[in-house]
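Novice: starting from these lines, generate the structure:
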Amino acid sequence: MNRNFLAVLFVVASLVILGVFMVWLVKNDLLEQALKNQESPVTIHVHDTFGDEWQYIAAVCPGDTRESAENRLELSSLDTPKDGPEPGDNYLVLLDGKGEYESKKYHRDAIDLCNGKIAPSAQVTFARKGSGWELSAAH
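Specialist: Have a look, this model is predicted:
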């Protein structure tokens, strides 16, 4: 009985710790942290903001189907919606240059990546747009 109790206690404690970590990850988004409390405009370097494993940043916007985004970004598969993001959403895609990627959905009122189609870029500039940010240049 004592071993079972300790096993259950361990599992519950592990789940709580995992949950707290996941909440921390959601609240500590790297792009949002890089833009927080900054004067406009802000230039983001992919390596400095997201880590050395990432080479390029790209966007998937409303109207950009998964298939067209996969072709444009030269990826075999992508985890964005089949018919593209909803009108109020867009996706940031980090690319490593070897076919690996990581994507993150943002609401366009907070971070708008879709004021124009951008080619994958190593550096981008954001400008204030109301209470959020808008991609203003890709370098």
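Novice: need phi/psi at the residue sitting nearest the centre point of the chain.
Specialist: Geometric centre of the chain, nearest residue: Lys104, 2.8 Å, by CA atoms, centre = their mean. Lys104 has phi and psi values of phi -140, psi 130 when expressed as degrees, to the nearest 10.
Novice: kindly tell me how buried the nearest residue to it once chain neighbours are set aside is, as a neighbour count.
Specialist: Spatial nearest neighbour of Lys104, chain neighbours left out: Leu92 (4.9 Å); criterion: CB to CB, 6 or more residues apart in numbering. From N, CA and C alone the C-beta is placed, and that goes for glycine too. The burial count assigned to Leu92 is 21, neighbours taken as other CB atoms under 10 Å.
Novice: give me the sheet partners of the helix or strand containing Leu92 and which way each runs.
Specialist: The secondary structure element spanning Leu92 is strand 89-95 (assigned by DSSP states H and E). For strand 89-95, the paired strands and their directions (DSSP bridges) are strand 56-60 (antiparallel), strand 101-107 (antiparallel).
Novice: point out where the protein drops to low pLDDT.
Specialist: Counting by pLDDT under 70, the low-confidence segments of the chain come to 1, 13-28, 116-117.
Novice: which stretches in it count as strands?
Specialist: With DSSP state E applied, the chain shows strands at 42-45, 56-60, 89-95, 101-107, 111-112, 123-129, 132-138, listed in chain order.
Novice: buried deepest among those, which one?
Specialist: strand 56-60 (a mean of 24; mean count of other CB atoms under 10 Å).
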